[in-house]
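1. Output the structure for:
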Amino acid sequence: MYLDVNGHKTYCYTGGKPFDAAKPTVVFVHGVLNDHSIWILQTRYFAHHGFNVLAPDLPGHCKSEGEPPQSVEEAAGFIIALLDAAGVKTAALVGHSFGSLTALHAASIAPQRVTHLALLGTAAPMKVSPALLDNALNQPMKAIDMVNTFSHSMLAPPPSSVGPGTWLYGGSKALMKRVLASNTKINLFHRGFKACDDYTGGEAAIEKVSCPVLFILGRNDSMTLPKMAAPLQAKAKNARTVMLQAGHQMMTEAPEGVLFALKDFIKP
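-> Numbers count the residues shown, from 1 in each chain. Down below sits the predicted model:
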């Protein structure tokens, strides 16, 4: 589905169901060099169980037009504008990594519009190493290799998972290369990581959030160590935490664990 958001054509995956603004809505926000496809299991479940789903490609990414966000604040403004464009008064927000900061900030500037807030692989602050920032700008293929090393705790998901035996590194690298190539004018990799690195408003934002908060963290996450979420956890008013046996890319390493945590948290 396409929406006009801030004058630009924006793609939103709806989980295989027609969009119906009358239903309760869940918005899924991806991280740096990702797109809507990282949420494929979770979005389809919610769309087929009574929810309205919006999983956008952020501006300037893949199927969406517009200027890629230069800051977390800018990305959060896009999410609120997306709700307006869809005619949605309130929604649950689910964000991963950079997307978690985006969802958090959106919930802080428009608390009356957010019913639930789920933060996956989050941190405050979410600092990016100088070496990774430099490589994202000047040697993006090397940076992709670095991120994949830090983001995964296993080569393939276990037999009980969805798609057992899938080569997780290869799949993530292919996705990141595709997203990077989707914008030939802006380096999405460096811009996204710089936005993460620059954001200092996490603790102030969580204090303004009025809805329930769910932290989903990867026990073996080397990109955003679980302890890096502690400043947010300490200031969240109504929060719970689910720890998964996974790395940063928990949607591929523990897809069912992520789904079960979300469906227990977000009720119709």
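
2. Hmm, V5 is touching A85, no?
-> Yes: with contacts counted by Cβ atoms under 8 Å, V5 reaches A85, the gap being 4.7 Å. To be clear about C-beta, it is placed using only N, CA and C from the backbone, and glycine gets the same treatment.

3. of those two, who's got more company?
-> The neighbour comparison of V5 against A85 (other Cβ atoms under 10 Å) goes to V5, with 23 against 16.

4. Next up, the contacts around the more buried one.
-> Applying Cβ atoms under 8 Å, 6 or more residues apart in numbering to V5 gives the contacts P59, G66, F78, A81, L82, A85.

5. Count the neighbours of the fifth one for me.
-> Other residues within reach of L82 by the criterion other Cβ under 10 Å amount to 23.

6. Give me the spatial nearest neighbour of it, chain neighbours excluded.
-> The shortest distance from L82 to any non-neighbouring residue, by Cβ to Cβ, 6 or more residues apart in numbering, is to V5 (5.3 Å).

7. Next one: the one you found from S64, what distance?
-> Taking Cβ to Cβ, to the nearest Å as the measure, V5 and S64 are separated by 8 Å.

8. got it, and T241?
-> Distance of T241 to S64, given as Cβ to Cβ: 32 Å.

9. Between these two, which is the more surrounded one?
-> Taking neighbours as other Cβ under 10 Å, T241 and S64 compare with S64 leading, 24 against 15.

10. quick one: what helix or strand has that one in it?
-> Using DSSP states H and E, S64 falls within no helix or strand.

11. what's the answer for the one 10 residues further on, then?
-> Secondary structure from DSSP H and E places E74 in helix 72-86.

12. And for A107?
-> With DSSP H and E as the criterion, the answer for A107 is helix 98-109.

13. Report the buried residues of that helix.
-> For helix 98-109, the neighbour count (16 or more other Cβ atoms under 10 Å) marks F98, G99, S100, L101, T102, A103, L104, H105, A106, A107, S108 as buried.

14. wait, the last one sits on V209?
-> Yes: with contacts defined as Cβ under 8 Å, S108 counts as touching V209 at a distance of 5.8 Å.

15. just so I have it, where are all the strands in the stretch 101-250 of the chain?
-> Here the stretch 101-250 of the chain has its strands, by DSSP state E, counting those that start in this stretch, at 114-120, 213-218, 239-244.
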